[in-house]
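> One predicted model, sequence on top.
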Amino acid sequence: AAVTYSGVTGTATFNNLSLSIPKDSTKSFTIAADVRLIAALDDPVGSEQNWVVKNGLKIRKVRVPFGVIGAIYESRPNVTADIAALCIKSGNCAVLRGSSNAINSNRAIMQAIKPALIEDSVQLVDTPDRAAVEIMLKARGKLDLLIPRGGAELIKRTVEESKVPVIETGTGNCHIFVDESADLVRAIDIIVNSKCQRPGTCNSAEKLLVHKSIASKFIPDVVKALRKNSVEIRACPLTIKIVKDAKPATEIDWSTEYLDLIMAIKVVSDLDEAISHINKYNSKHTEAILTKDSKNADKFAKLVDAASVNINASTRFTDGG
């Protein structure tokens with residue numbers, strides 16, 4: 001949408017809907033750009049995989065839509081456009097229930113996209129009443145799939161109470177393990193990006209594990225970089241010996257998704273302890289290893305239980321744009 005500014009506001013017109021856009025706000029254009037990226041993806045509907053087993057049996061796997069997808073989500077209104085676009089791209093209909101604190105933004109986004117829809121292929125549950133969630137949880141036969149996107153309590157309630165099949169999205173207690181062979185300069189950049197770029201998202205790193213052989217050299221530097229970005233450090237006893245003014249980490253810290261500028265640091269004896277710690281406390285979202293040792297990278301990728309495992313890359317590469 002082209003925008004003409006007069007002073008600090010501008011007017012954008014899309015599908016004959018005029019919007020007033022603050023000059024310092026680019027969020028609406030980011031949403032539009034994200035929708036265009038989804039539109040440019042290959043059409044997944046009808047794509048096939050074909051193979052033949054040893055006895056000559058031919059098998060064809062074809063992608064088809066789910067049907068009507070219900071989504072329950074919190075806060076960020078850009079999710080309204082994201083889910084609508086993803087559902088349309090994959091041949092599904094969508095029933096969207098956003099949070100009450102973003103209802104006016106959700107209404108505006110639906111008003112903008114509705115002229116482009118075929119009939120009512122995307123619908124907004126236009127009420128702040130929490131009873132609407134209860135109705136969606138019980139709508140078996142009307143909804144084919146339910147996806148909760150939000151905090152741990154929302155996901156827990158949906159999984160436990162829903163009569164509709166659920167795809168469970170993950171909270172993000174994500175870890176980064178710095179192996180003894182890691183590029184320590186690059187590691188700091190990756191850790192700061194993972195923690196600080198958008199700390200309130202589920203793919204931000206919450207925990208940092210450091211191999212004991214590099215701990216005394218690396219931890220002071222990474223803590224300095226994190227504190228420069230206003231990150232509060234919580235630390236295991238071995239880390240406190242290195243960073244004496246760090247706040248002691250409790251048992252609860254290791255399983256907590258902070259969604260804030262807080263990071264807990266633990267010194268581990270080796271790769272096996274790192275893997276064991278992660279598998280005990282993680283939420284199975286995203287885990288990362290920073291290493292130059294390909295064998296350690298392969299072992300980490302195979303044994304860590306998570307939806308995504310990143311090697312020498314920020315946890316922010318998982319999820320969303």
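All right, it came through fine.
> which regions of the stretch 1-150 of the chain lie under the pLDDT threshold?
1-26 (pLDDT under 70).
> mind running it again at 90?
Low-confidence segments of the stretch 1-150 of the chain, defined by pLDDT under 90, are located at 1-34, 36-37, 74-77, 118-120, 130, 149-150.
> With the stretch 201-321 of the chain instead?
If you take pLDDT under 90 as the line, the stretch 201-321 of the chain has these spans: 201-202, 318-321.
> where's the residue sitting furthest away from the middle of the chain relative to K61, distance?
Residue farthest from the centre of the chain, counting by C-alpha atoms, centre = their mean, is N55 at 42.8 Å. Distance of N55 to K61, computed by C-beta to C-beta, to the nearest Å: 18 Å. Yep, even glycine has a C-beta here, placed from its N, CA and C like the rest.
> cool, I214 as well?
For I214 relative to K61 (C-beta to C-beta), the value is 46 Å.
> Between the two, tell me which one has more neighbours.
I214 (17 against 9; other C-beta atoms under 10 Å).
> picking that back up, how about the residue farthest from the centre of the chain, secondary structure?
Under the three-state scheme (DSSP: H, G, I helix; E, B strand; the rest coil), N55 adopts coil.
> now do T256
Applying three-state DSSP: T256 is coil.
> Could you do R76 as well?
Strictly by three-state DSSP, R76 counts as coil.
> and it, what is it in contact with?
Taking C-beta atoms under 8 Å, 6 or more residues apart in numbering, we find R76 in contact with A102.
> With I289 instead?
176-177, 179, 274, 296-297, 300-301, 309-312.
> pretty sure it is in a strand, no?
Yes - under three-state DSSP, I289 sits within a strand.
> Can you give me the distance of it to I190?
11 Å.
> Quick check: neighbours shared by these two?
Common neighbours of I289 and I190 (C-beta under 8 Å, 6+ apart) are 176, 312.
> Show me the helices in the stretch 201-321 of the chain, by range?
If DSSP state H, counting those that start in this stretch is used as the criterion, the helices of the stretch 201-321 of the chain fall at 212-228, 237-242, 251-254, 271-281, 294-303.
> Equivalent analysis for the stretch 1-150 of the chain, please.
So, for the stretch 1-150 of the chain - with DSSP H, counting those that start in this stretch - the helices run 27-40, 78-89, 103-113, 131-137.
> Switch the ones you listed over to CSV; also include mean neighbour count and distance to K266.
Listed next are these as CSV, based on neighbours: other C-beta atoms under 10 Å; distance: least, C-beta to C-beta, whole Å:
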stretch, mean neighbour count, distance to K266
helix 27-40, 14, 36
helix 78-89, 21, 33
helix 103-113, 17, 39
helix 131-137, 16, 37
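> a markdown table for the ones you listed, including distance to V210?
Listed next are the helices of the stretch 1-150 of the chain as a markdown table, based on distance: least, C-beta to C-beta, whole Å:
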| stretch | distance to V210 |
| --- | --- |
| helix 27-40 | 35 |
| helix 78-89 | 35 |
| helix 103-113 | 41 |
| helix 131-137 | 42 |
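> got a winner among the contacts of I289 for most neighbours?
I176 (29 neighbours).
> Could you check how far it is from T169?
Following C-beta to C-beta, the distance that separates I176 from T169 is 21 Å.
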